[in-house]
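**Q** For reference, the sequence and a predicted model appear below.
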Amino acid sequence: MKYLLTICVAFISFSSAAQKKNHIDLKKLNGSWISSDDKKYQVVIKDSKWIDYYDKQKTASLHFTIRNNIITALDNHTNDIYKYSIVSVNNKSLILIYLDRGNTLSFKRG
């Protein structure tokens, strides 16, 4: 019984440490992001609004929510829903995984 309790305490401690380590400051999402793969593609994020631009032309305007580091974005014109997993975000870079296709999207602060 003591062995089982020790394992449970270790597991809870490890889980808590992992959650703290993976915590993402979502305020860092706000701003302008330029794709690392295509310099013409830009995303502007402000609070719960996501605007796509391509070659300086607005291509989409989305409203999004974030839960458990998953962005769920709704295009109000087409009713399309997009889901992204936030891999990392800091003052210089943003890395997302587009969950529908598994693509990794990398951005630099614009």
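**A** Yep, it's here.

**Q** center of this structure - which residue?
**A** I86 (2.8 Å; CA atoms, centre = their mean).

**Q** for the residue nearest to that residue when sequence neighbours are not counted, phi and psi?
**A** Excluding the flanking residues, the one nearest I86 by CB to CB, 6 or more residues apart in numbering is N69, at 4.5 Å. Placement of C-beta: from N, CA and C, glycine included. Dihedral pair for N69: phi 60, psi 20, per degrees, to the nearest 10.

**Q** do K92 as well
**A** Dihedral angles of K92 (phi, psi; degrees, to the nearest 10) stand at phi -120, psi -30.

**Q** Hmm, it is touching S106, no?
**A** No - at 11.3 Å, K92 does not count as touching S106 under the criterion of CB atoms under 8 Å.

**Q** quick one: low-confidence ranges for this structure?
**A** Residues of the chain that meet the criterion pLDDT under 70 lie in 1-23.

**Q** Run through the helices of it in chain order.
**A** Counting by DSSP state H, one finds helices in the chain at the ranges 2-21.

**Q** Run through the strands of it in chain order.
**A** Here the chain has its strands, by DSSP state E, at 31-35, 41-46, 49-54, 57-67, 70-75, 81-89, 93-98, 103-109.
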